[in-house]
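**Q** Predicted model, plus sequence, below.
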Amino acid sequence: MMDYKKLFEDFADQSVFIKSTERPVIDGTQKAALNRKGNILLNSGDVEGARRIFLTTGYSDGLARVGDKYKAQGRPLDALRMYWMAPDRTKAEPVMAQISQVIRNLIQEGEGSPNE
């Protein structure tokens with residue numbers, strides 16, 4: 001069995017973190033307060049701050065609205081990630097279609113170029 005503690009001790013002097021998929025346990029009152037704070041941040045333009053809060057609380061509507069901001073900023077992959085996590089398939093599907101079309105175009109361009 002691998003000693004993960006030892007493995008991560010090797011990186012102690014670097015600015016790294018361990019990504020966890022587990023959300024912290026937050027009671028309803030804390031969650032509501034955090035979501036309000038996230039909404040304030042999002043409305044004031046701090047999209048990344050709002051994103052961090054909404055990911056922590058699992059606030060679907062907030063994640064979808066962060067996705068909307070990313071989409072408006074021309075960041076379709078980031079938007080798709082937020083829509084997928086929301087989960088809001090209605091908003092995710094058009095972005096997937098857009099990204100698929102870009103990939104198809106790149107493949108077609110690649111097929112038309114001479115092999116080196």
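**A** Noted; the coordinates are in hand.

**Q** residues contacting D68?
**A** Counting by Cβ atoms under 8 Å, 6 or more residues apart in numbering, D68 touches 79, 91. Glycine gets a C-beta too; all of them are placed from N, C-alpha and C.

**Q** ok, now R52?
**A** Applying Cβ under 8 Å, 6+ apart to R52 gives no contacts.

**Q** Give the next helix or strand downstream of the helix or strand in which it is found.
**A** Mapping R52 onto the secondary structure by DSSP states H and E places it in helix 47-57. Next helix or strand after helix 47-57 toward the C-terminus (DSSP H and E): helix 60-72.

**Q** looking at it, A86 is touching A64, isn't it?
**A** Yes. Applying Cβ atoms under 8 Å as the test, A86 and A64 come out as touching, 4.4 Å apart.

**Q** the bottom helix or strand of this structure by mean pLDDT?
**A** Lowest on mean pLDDT, DSSP states H and E among the helices and strands of the chain sits helix 4-9, with a mean of 61.

**Q** where are the low-confidence patches of the chain?
**A** By pLDDT under 70, the low-scoring segments of the chain are 1-23, 113-116.

**Q** No further questions, thank you.
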